[in-house]
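# sequence plus the predicted model coming up.
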Amino acid sequence: MKTKVAIGADHAGFAYKQPLIEWLTANGYEVVDFGTNSAESVDYPDFAHPVASAVESGAFERGILLCGSGEGVCMTANKHQGVRAALVWRPDVASLTRQHNDANVICLPVRFISLPDAIESIRNFIETAFEAGRHATRVGKMAC
């Protein structure tokens, strides 16, 4: 079964969104684009909330959010119950946030990482399993 991935970006993240969608699709992932559809200035919560809601509902296994710093989309996504959004700036951080935190949304700061690093981060994020064990207890303590 294909992993279902929701993706969204603001104007700053727009330039990376289509190449990432193409990479995901070419690698067998089912992707739904939640916008934006241009580099015209928009408000990042308008795209972060729908992606986070899609993951929160269980309709999607993973979410990808893109903005200039990654911070705004990450803060917004983490307002949703059951969403564990992680700011990732290197591929090894993507692996760790899956292994130790069971993150289900990755937030990428496109002004600070290269497209190849973004692709490798997403690969690690999707392909790395949660280790559970002692980490499961910690993740359980995150919920309000």
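Looks like it came in fine.
# out of everything not next to it in sequence, what's closest to residue 36?
For residue 36, ignoring the flanking residues on the chain, the nearest one in space by Cβ to Cβ, 6 or more residues apart in numbering is residue 42 at 5.0 Å. For glycine as for every other residue, the C-beta is placed from the backbone atoms N, C-alpha and C.
# nope, residue 56 is what I was after
Closest residue to residue 56 apart from its sequence neighbours, by Cβ to Cβ, 6+ apart: residue 80 at 4.4 Å.
# three-state assignment of that neighbour?
Using DSSP: H, G, I helix; E, B strand; the rest coil, the structure places residue 80 in coil.
# contacting residues around it?
49, 52-53, 55-56 (Cβ atoms under 8 Å, 6 or more residues apart in numbering).
# distance of it relative to residue 92?
The gap separating residue 80 from residue 92 is 26 Å, by Cβ to Cβ, to the nearest Å.
# residue 13 now?
Distance of residue 13 to residue 92, computed by Cβ to Cβ: 21 Å.
# what of residue 127?
Residue 127 is 13 Å from residue 92, by Cβ to Cβ.
# quick one: list the elements packing against the helix or strand hosting residue 54.
Per DSSP states H and E: residue 54 is located in helix 45-56. Judged by 3 or more Cβ pairs under 8 Å, 6 or more residues apart in numbering; DSSP states H and E, helix 45-56 is in contact with strand 4-9, strand 62-67, helix 71-77, strand 105-109.
# I'd like those laid out as JSON lines, including distance to residue 96.
Listed next are the helices and strands packed on helix 45-56 as JSON lines, based on distance: least, Cβ to Cβ, whole Å:
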{"stretch": "strand 4-9", "distance to residue 96": "20"}
{"stretch": "strand 62-67", "distance to residue 96": "16"}
{"stretch": "helix 71-77", "distance to residue 96": "16"}
{"stretch": "strand 105-109", "distance to residue 96": "12"}
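# same list, those, but as CSV with mean neighbour count, distance to residue 122 and mean pLDDT please.
Converted to CSV, those look like this (neighbours: other Cβ atoms under 10 Å; distance: least, Cβ to Cβ, whole Å; pLDDT from 0 to 100):
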stretch, mean neighbour count, distance to residue 122, mean pLDDT
strand 4-9, 25, 9, 98
strand 62-67, 28, 6, 98
helix 71-77, 22, 14, 98
strand 105-109, 27, 7, 98
